[in-house]
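Participant: Just the structure for this:
(chains A and B)
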Amino acid sequence: MELNANNENEVLVKPPISSVGVIGWIKGNLFSSPFNTILTIIIVSILWFSILPFLNWALIDSSWLPDANCRESGGACWSIISSNYKIILFGFYPQDILWRPITAIVMLVSLLCISRNRNYWNAFLGYSWLISLIIMGILLKGGILGLEPVDIERWGGIILTLLLSVFGLTAAYPLGIILALGRQSEMPVIKTFCIFYIELIRGVPLISLLFMSSVVFPLFLPEGVSINAILRAQVAIIMFTAAYVAEVVRGGLQGMNKGQFEAADSIGLNYFQTMRLIILPQALKIVIPPSVSVLISAFKDTSLVVIIGLYDLLKTTQTTLSEPKWMGFSAEAYIFIALIYFVCCFFMSNYSRKLEKELDTGL
Amino acid sequence: MSDEKIKKEDISSEDTVIEIVNMHKWYGDFHVLNNININVKKKEIIVVCGPSGSGKSTLIRCINRLEEHQKGQIVVDGVELTKDLKNIEKVRSEVGMVFQHFNLFPHLTIVENLTIGPIWVRKVPKKEAEETAMYYLEKVQIAEQAAKFPGQLSGGQQQRVAIARSLCMKPNIMLFDEATSALDPEMVKEVLDVMIDLAHGGMTMIVVTHEMGFAKSVAHRVLFMDEGQIIEENEPEEFFNNPQNDRTKLFLSQILY
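Facilitator: Here you go, the predicted model:
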């Protein structure tokens, strides 16, 4: 009986008002001590003096419509985007058939969004990916079904950025896992090869790999044979990213408890089953945060292909900026593509957090 | 199933399942197992005890080749364990092992932990494997936890799941490597009960343990190891009441008080 009475009392007791709600939060987090109070005031005033002018520049004094005369207003010139978005987003892709890349990108993004949910991962989704990729290829390349052919050299802007990064990352990740497993291998030839590969690739900058692929590599090809520049850049990005993924995955493999290997051995699983069913699912889960870091930086590194003359998102923006009419408005253009990059990167890091939460099994 | 220890006479002297002859193992220069000779019959229960670092665990880990021996012979179920043994998985699937730290697969549910071996190694259909899994979970009295993850279970429950996982492979031999030493005291009994049950059911078992009560009630032989050698081997009663070797006497006086 006494226990019950206690319980009733407990229900009635509420925390003091000053520790909950908005006031409680402000008191606890912003003004908890004299030092924190001063910090709060300083930070608020810095925000006041920096954010307000920025908002004024970006939203109030700005011009938005295409072909507006930006030089007269003192604010941001978003007209550079509204006038040139076709060039910035799609490069030199023929402007009268832009519905084709737009459809392809919409397909890609919707598939990516659907694939976020692991409940939908089944054979059907796999086939959807396969068929969609073929359709996307046909849409972009044309040449059959009465679609006007478009030279691959003319793919640019966001098409190129997405192409290089989506294929680059999806190919680099499994390759990185194989390299990591190879580096742990007991077979000396495989182990040495993997160590050599990883250390060599990590020891050179991506730019030099891109140069190698675009300048040096073609020298070794027989006359008359040429491999597309985009494909060469793609391979360089995959090779580069895989080496970094490999080291991250190796960290996860080494973090695994030896008991897991022994338990898998003791029930008779062979090497591949042990890795696929027991070790990798756990090791990859541990390394989700660093792997996503690697993938995000690889995504941003695709912008380095400007160096070898490919027109990715960054390069098409620069092209627009070199027009006399739009010179001096680089801030607006760069803010715009920064937003695009940010949205993609945020998508990835957000997904990784979701995945971590889903895979958490309490141990 | 009787509550009596399986009679010595019931153990046929012909059915040798594990034979270890003049086996040696070194870690670098350290002679961790020195001239081991053991012959285990079908349905026999052998308890291995000895001070820490005496090589008990290493010995039973050699039997399913989690560790490799360097000299001598180990024959398990008629298959000699050698370096060029192609199909070590086959031997391992016939020999169940229970570890001190359970080693359940934390990313799989309890049922998945139990079915992964049968499905992938024995190629049993999933449904049948799940039925077998539930049967053994009932047997270790933990069926209601089937859908949970190992991290949600207590130590004693995890160890019972680990035993059930081994049993799902329908092994001929079970090895227990200090299966109760990592458990809280009040959980030791629930695991020992399962092990005693198994012993009464006629399983061949080699048990590394310091649970002398277990040794007394079900073991047919107790091996005492020190510094990599088996220095005393006897029936439980004799072993506990009338130890021969000084080292054994000292050990027993230290653990029984």
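Participant: Which element, helix or strand, includes the residue nearest the centre of chain B?
Facilitator: Nearest to the mean C-alpha position of chain B, counting by CA atoms, centre = their mean, stands residue B:175 at 1.8 Å. Assessed by DSSP states H and E, residue B:175 sits inside strand B:173-177.
Participant: Packing partners of that strand?
Facilitator: For strand B:173-177, the contact count by 3 or more CB pairs under 8 Å, 6 or more residues apart in numbering or on different chains; DSSP states H and E identifies helix B:56-63, strand B:95-98, strand B:204-208 as packing neighbours. Bear in mind the C-beta positions are built from the backbone N, C-alpha and C, glycine included.
Participant: Compare these and give me the one nearest chain A.
Facilitator: Of all those, it is strand B:95-98 that lies closest to chain A, at 4.0 Å by CB to the nearest CB.
Participant: Any chance you could list what contacts that closest one?
Facilitator: For strand B:95-98, contacts defined as CB atoms under 8 Å, 6 or more residues apart in numbering or on different chains pick out A:262-263, A:266-267, B:60, B:63-64, B:66, B:76-77, B:159, B:162-163, B:166-167, B:169, B:171-177, B:179.
Participant: Separate out the buried members of those.
Facilitator: A:262-263, A:266-267, B:60, B:63-64, B:66, B:76, B:159, B:162-163, B:166-167, B:169, B:171, B:173-177, B:179 (16 or more other CB atoms under 10 Å in any protein chain shown).
Participant: show me what contacts residue 203?
Facilitator: Picking chain A for this. Under the criterion of CB under 8 Å, 6+ apart, residue A:203 has no contact partners.
Participant: oops, I was thinking of chain B
Facilitator: B:43, B:173-174 are the contacts of residue B:203 under CB under 8 Å, 6+ apart.
Participant: again, only this time at 6 Å
Facilitator: Counting by CB atoms under 6 Å, 6 or more residues apart in numbering or on different chains, residue B:203 touches residue B:174.
Participant: can you pull the pLDDT of it?
Facilitator: Note for residue B:203: predicted pLDDT of 91.
Participant: Provide the backbone phi and psi angles at it.
Facilitator: When read as degrees, to the nearest 10, the backbone of residue B:203 gives phi -80, psi 140.
Participant: State the distance from it to chain A.
Facilitator: 16 Å (CB to the nearest CB, to the nearest Å).
Participant: and the residue in the stretch 101-250 of chain B that chain A sits nearest to, how many neighbours does it have?
Facilitator: The minimum distance from the stretch 101-250 of chain B to chain A, using CB to the nearest CB, falls at residue B:151 (3.1 Å). Residue B:151 has 13 neighbours, counted by other CB atoms under 10 Å in any protein chain shown.
Participant: so what pLDDT did it get?
Facilitator: In this model, residue B:151 is scored at 90, pLDDT.
Participant: that older thread, walk me through which strands the strand holding residue B:175 pairs with, and which way each runs.
Facilitator: If you go by DSSP bridges, strand B:173-177 pairs up with strand B:95-98 (parallel), strand B:204-208 (parallel).
Participant: just how off-centre is the next helix or strand after the shortest one within its chain?
Facilitator: The one in question is strand B:95-98. Note on strand B:95-98: by DSSP H and E, the next helix or strand toward the C-terminus is helix B:110-120. The chain centroid and the centroid of helix B:110-120 are separated by 20 Å under CA atoms, centre = their mean, to the nearest Å.
Participant: what's the first-to-last distance across stretch A:208-228?
Facilitator: Separation of the first and last residues of stretch A:208-228 by CA to CA, to the nearest Å is 18 Å.
Participant: whoops, stretch A:274-286 was the one
Facilitator: Start-to-end span of stretch A:274-286 (CA to CA) is 17 Å.
Participant: How about stretch B:142-152?
Facilitator: Terminal residues of stretch B:142-152 are spaced 13 Å apart (CA to CA).
Participant: Tell me which residues are up against that stretch.
Facilitator: So stretch B:142-152 is contacted by A:361-363, B:104, B:106, B:109-111, B:137, B:157-158, B:160 (CB under 6 Å, 6+ apart).
Participant: Just give me the least confident of those residues.
Facilitator: residue A:363 (54).
Participant: Looking at the residue lying closest to residue A:281 once chain neighbours are set aside now. What's its pLDDT?
Facilitator: Using CB to CB, 6 or more residues apart in numbering or on different chains and skipping residues adjacent in sequence, the residue nearest residue A:281 is residue B:107, 5.1 Å away. Turning to residue B:107, the model gives it a pLDDT of 90.
Participant: Any chance of the backbone angles for residue B:107?
Facilitator: Torsion angles at residue B:107 (phi, psi; degrees, to the nearest 10) stand at phi -90, psi 0.
Participant: ok, then the element right after the helix or strand containing residue A:196?
Facilitator: Assigned by DSSP H and E, residue A:196 falls within helix A:188-202. Downstream of helix A:188-202, the next assigned helix or strand under DSSP H and E is helix A:206-211.
Participant: and among the helices and strands packed on strand B:173-177, the most buried is which?
Facilitator: strand B:95-98 (a mean of 27; mean count of other CB atoms under 10 Å in any protein chain shown).
Participant: burial of residue A:130, as a residue count?
Facilitator: Count around residue A:130 with other CB under 10 Å applied: 10.
Participant: Then the one 5 residues further on?
Facilitator: One way to gauge burial is a neighbour count; for residue A:135, by other CB under 10 Å, it gives 13.
Participant: Doesn't it belong to a helix?
Facilitator: Yes - counting by DSSP: H, G, I helix; E, B strand; the rest coil, residue A:135 is located in a helix.
Participant: Excluding chain neighbours, give the residue nearest to it in space.
Facilitator: Leaving aside its chain neighbours, residue A:135 sits nearest to residue A:107 (6.9 Å; criterion: CB to CB, 6+ apart).
Participant: Isn't the one you found up against residue A:132?
Facilitator: Yes - Residue A:107 is in contact with residue A:132 according to CB atoms under 6 Å; the separation is 5.2 Å.
Participant: So which elements touch the helix ranked longest in chain A?
Facilitator: Counting residues, the longest helix in chain A under DSSP state H turns out to be helix A:330-359. Packing partners of helix A:330-359 (3 or more CB pairs under 6 Å, 6 or more residues apart in numbering or on different chains; DSSP states H and E): helix A:79-90, helix A:288-301, helix A:313-321.
Participant: Buried residues, the longest one. List them.
Facilitator: If I follow you right, that is helix A:288-301. A:288, A:290-296, A:298-299, A:301.
Participant: And those residues, which two are furthest apart?
Facilitator: A:288 and A:301 (20.0 Å; CB to CB).
Participant: which SSE is the residue in chain B sticking out farthest from the centre in?
Facilitator: The centre of chain B is farthest from one residue, residue B:127, which by CA atoms, centre = their mean lies 28.2 Å away. Assigned by DSSP H and E, residue B:127 belongs to helix B:126-139.
Participant: May I have that helix as CSV, with CA atoms only?
Facilitator: This file holds the C-alpha atoms of helix B:126-139, laid out as CSV (Å, rounded to 0.1, in the frame of the first residue of the first chain):
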residue,chain,number,x,y,z
LYS,B,126,15.1,-21.7,-44.2
LYS,B,127,11.7,-22.8,-42.8
GLU,B,128,13.1,-26.1,-41.6
ALA,B,129,16.1,-24.4,-40.0
GLU,B,130,13.8,-22.0,-38.2
GLU,B,131,11.8,-25.0,-36.8
THR,B,132,15.0,-26.6,-35.6
ALA,B,133,16.1,-23.3,-34.1
MET,B,134,12.8,-23.0,-32.2
TYR,B,135,13.1,-26.6,-31.0
TYR,B,136,16.5,-25.9,-29.4
LEU,B,137,15.5,-22.5,-28.1
GLU,B,138,12.7,-24.3,-26.3
LYS,B,139,15.2,-26.8,-25.0
